[in-house]
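Student: Show me the folded form of this:
(one chain, ligands or ions: 2)
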Amino acid sequence: MEEKKENGVAAMAACYQRFDPAAYLQYNYTPPRADFERKDSIVPWKLACLHRAFNEGDVSGELLVDIGSGPTLYQVLSGCEIFDKVLLTDFLEVNRQELRHWLQDEGGCNLDWTPYLQHVCKLEGRRTSDWTKKAAKLRQVVTDILPIDVHRPQPLARDALPSAGADCLVSCFCLESVSPDLAAFTRALGHIGRLLRPSGHLLLIGALGESYYFGGPGVKIPVVPLNEAQVCDSLKESGYTLIRLEVYTLPQDMRVGVDDVTGVFFAKARKD
Ligand SMILES: C[S@@+](CC[C@H](N)C(=O)[O-])C[C@H]1O[C@@H](n2cnc3c(N)ncnc32)[C@H](O)[C@@H]1O
Ligand SMILES: O=[N+]([O-])c1ccc2c(c1)CN[C@@H](CO)C2
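Tutor: Numbering: from 1, shown residues only. Ligands and ions are numbered 1, 2, ... in the order given. This is a model prediction of the structure:
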């Protein structure tokens with residue numbers, strides 16, 4: 001059994017060697033999936049879920065860790081106003097490099113995050129012109145971009161976090177996209193839970209009913225197809241209490257051929 005587990009994880013790691021951050025951003029973070037003029041676009045829905053979850057009064061602390069950041073920053077645009085310290089993490093150096101390009105404001109980014117910063121300012125009741133302040137805030141609070149492997153019982157380097165752990169985790173489209181099967185997905189949930197202090201919050205966004213996605217031209221990556229019940233069961237099994245689950249169903253024109261995702265879930269949970 002141990003060998004089968006390791007083979008599945010190794011096969012996933014091999015797929016990711018061909019992951020293309022620029023293509024991935026193009027596929028998922030430009031219109032129609034990221035259209036801030038459309039009420040039914042996926043990215044504004046995700047940003048609204050995250051804004052509400054970070055700002056309803058129960059989430060607080062010093063340290064927020066984003067698990068499997070990839071080449072994207074949207075997942076911490078609300079959290080950066082709440083936490084003094086934000087850690088971004090990813091398995092691939094190409095993604096960590098993409099994030100560094102933006103954070104060091106040195107150019108070379110494959111996506112302009114301005115519309116995202118402006119949109120989240122609007123959600124916060126601020127002028128959209130405050131986006132430059134939000135960008136500065138994000139650059140100030142993101143203190144590191146670390147390698148991570150959610151299949152390891154210790155996903156981060158031993159000294160990466162304070163002994164108390166993180167106060168909050170956010171993770172988007174990572175666990176189901178890197179796990180060979182549902183059991184591995186659930187184990188990974190438990191592994192990242194060890195990074196979180198007791199009663200700390202987990203904000204989890206993921207794909208429903210997805211069996212593959214393209215991580216670049218011709219880079220077909222298998223995904224664990226999840227339904228809502230499995231998400232709830234896995235959270236409970238790996239030591240979380242579910243606070244809220246929200247589901248978005250993709251309209252036809254959001255299905256653009258880069259994956260077979262049918263829905264997106266947002267779960268707010270607390271570590272037991
Ligand atoms: C579908 S992307 C999600 C990116 C981003 N969080 C988002 O919301 O679009 C999945 C990410 O998981 C990363 N990844 C692959 N294997 C991993 C592993 N074993 N542990 C943690 N992250 C991994 C990939 O490098 C990739 O950035
Ligand atoms: O519409 N979206 O905002 C969006 C963003 C990222 C991803 C998806 C959809 C679906 N596929 C996952 C990878 O399994 C990645």
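Student: Spell out which residues of the stretch 101-250 of the chain are next to ligand 2.
Tutor: For the stretch 101-250 of the chain, the residues in contact with ligand 2 (C-beta under 6 Å from any ligand atom) are 173, 177, 207, 210, 213, 223. Yep, even glycine has a C-beta here, placed from its N, CA and C like the rest.
Student: run the last query once more with 8 Å
Tutor: 172-173, 176-177, 206-207, 210, 213, 215, 221, 223, 250 (C-beta under 8 Å from any ligand atom).
Student: from those residues, which are also near ligand 1?
Tutor: Contacts with ligand 1 within these, counted by C-beta under 8 Å from any ligand atom: 172-173, 177, 213, 215, 221.
Student: Now render the residues you listed as JSON lines, adding pLDDT and neighbour count.
Tutor: Compiled in JSON lines, those are given as follows (pLDDT from 0 to 100; neighbours: other C-beta atoms under 10 Å):
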{"residue": "C172", "pLDDT": "98", "neighbour count": "24"}
{"residue": "F173", "pLDDT": "98", "neighbour count": "23"}
{"residue": "S177", "pLDDT": "98", "neighbour count": "24"}
{"residue": "Y213", "pLDDT": "98", "neighbour count": "20"}
{"residue": "G215", "pLDDT": "98", "neighbour count": "23"}
{"residue": "I221", "pLDDT": "98", "neighbour count": "18"}
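Student: Now go through these and say which are in helices.
Tutor: Residues of those located in helices (DSSP state H): S177.
Student: Spit out the contact partners of the closest residue to R255 other than its chain neighbours.
Tutor: The shortest distance from R255 to any non-neighbouring residue, by C-beta to C-beta, 6 or more residues apart in numbering, is to V261 (7.8 Å). Counting by C-beta atoms under 8 Å, 6 or more residues apart in numbering, V261 touches 207-210, 213, 223, 250, 255.
Student: Would you mind measuring from V261 to R52?
Tutor: Distance check for V261 against R52: by C-beta to C-beta, to the nearest Å, it reads 22 Å.
Student: do W113 as well
Tutor: 21 Å.
Student: if you count what's nearby, which of these two comes out ahead?
Tutor: The residue with more neighbours, out of W113 and R52 and counting by other C-beta atoms under 10 Å, is W113; that gives 20 against 15.
Student: For that one, give me its contacts.
Tutor: For W113, the residues meeting the contact criterion (C-beta under 8 Å, 6+ apart) are 73-74, 102, 135.
Student: Same check on K46?
Tutor: For K46, the contact set (C-beta under 8 Å, 6+ apart) comprises 74, 172, 205, 248, 264, 266.
Student: out of those, who's nearest V59?
Tutor: In terms of C-beta to C-beta, no member of these lies closer to V59 than F266, at 13.8 Å.
Student: would that closest one count as being in a strand?
Tutor: Yes - following the definition DSSP: H, G, I helix; E, B strand; the rest coil, F266 is counted among the residues of a strand.
Student: Chain neighbours aside, what residue packs nearest to it?
Tutor: Excluding its sequence neighbours, the residue lying closest to F266 (C-beta to C-beta, 6+ apart) is C49, at 4.0 Å.
Student: looking at it, that neighbour is touching V247, isn't it?
Tutor: No - in this structure, C49 is not within contact of V247 by C-beta atoms under 8 Å, at 10.3 Å.
Student: what sits in contact with each of these two?
Tutor: Residues touching both C49 and V247 comprise F266, with contact defined as C-beta under 8 Å, 6+ apart.
Student: Between the two, which is the more surrounded one?
Tutor: Neighbours around C49 and V247, counted as other C-beta under 10 Å, are more numerous at C49. The numbers are 21 against 13.
Student: Then the more buried one would be within a helix, right?
Tutor: Yes - C49 forms part of a helix when assessed by three-state DSSP.
Student: Up against ligand 1, what does the stretch 151-272 of the chain have?
Tutor: Taking C-beta under 8 Å from any ligand atom as the test, the list of the stretch 151-272 of the chain residues beside ligand 1 reads 151, 155, 171-174, 177-178, 188, 205, 213, 215, 221.
Student: can we see that at 6 Å?
Tutor: Applying C-beta under 6 Å from any ligand atom, one finds that the stretch 151-272 of the chain approaches ligand 1 through 151, 172-174, 177-178.
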